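Trainee: Okay, here's the prediction I keep looking at, along with the sequence it came from:
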Amino acid sequence: MFRENALNYERKRETCHQTAEEGKTTQDIGKEIHISFKDIGKIIHKVIGDDSQVGGEKNEKEKRSLSPYGKAFKMFKDKNPFADIAIELDVILSIIVFYHYRIRF
């Protein structure tokens, strides 16, 4: 039974790869092959071998950028001086002090 399931998954993986190359969306592939979006993503990433996605879609990390508050938090965590954070974020120093105060309390 295990061998049969492994062959079935291998067949689905090959079909997923072929339909992705045809330019079909993840939803179309999922409906056609009956596998989860997460599995489709894993298969595509294994085949492509990098972080880019089929269809020219941007990576999840590229889609969302941190807010100035989030960037400041990350820089506080890296122990950057307040002045460097203010220069990097192009804000006045009092805002950075305010952010630091909010994070600490």
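Mentor: Perfect, thanks for sending it.

Trainee: average pLDDT across stretch 22-35?
Mentor: For stretch 22-35, the mean pLDDT works out to 83.

Trainee: cool, and stretch 95-105?
Mentor: Per-residue scores along stretch 95-105 average to 81.

Trainee: quick one, what contacts D28?
Mentor: Contacts for D28 (CB atoms under 8 Å, 6 or more residues apart in numbering) come out as T19. All C-beta spots, glycine's among them, are computed from the backbone N, C-alpha and C.

Trainee: if I look at it, how far off is Y101?
Mentor: 50 Å (CB to CB, to the nearest Å).

Trainee: what do you get for Y69?
Mentor: Going from Y69 to Y101 by CB to CB gives 12 Å.

Trainee: Please compare the two by neighbour count and tell me which comes out ahead.
Mentor: Set Y69 next to Y101 and count neighbours by other CB atoms under 10 Å: Y69 wins out with 14 against 9.

Trainee: buried residues in whichever strand or helix holds that one?
Mentor: Assessed by DSSP states H and E, Y69 sits inside helix 68-77. Within helix 68-77, the residues that count as buried by 16 or more other CB atoms under 10 Å are A72, F73, M75, F76.

Trainee: Okay, now the unreliable bits of this structure?
Mentor: For the chain, the stretches flagged by pLDDT under 70 are 1-7, 47-64, 105.

Trainee: Please, where are all the helices along it?
Mentor: Counting by DSSP state H, the segments of the chain that form helices are 2-21, 26-33, 37-48, 60-63, 68-77, 82-89, 93-104.

Trainee: Quick check: phi and psi at P81.
Mentor: Main-chain dihedrals, P81, degrees, to the nearest 10: phi -70, psi 150.
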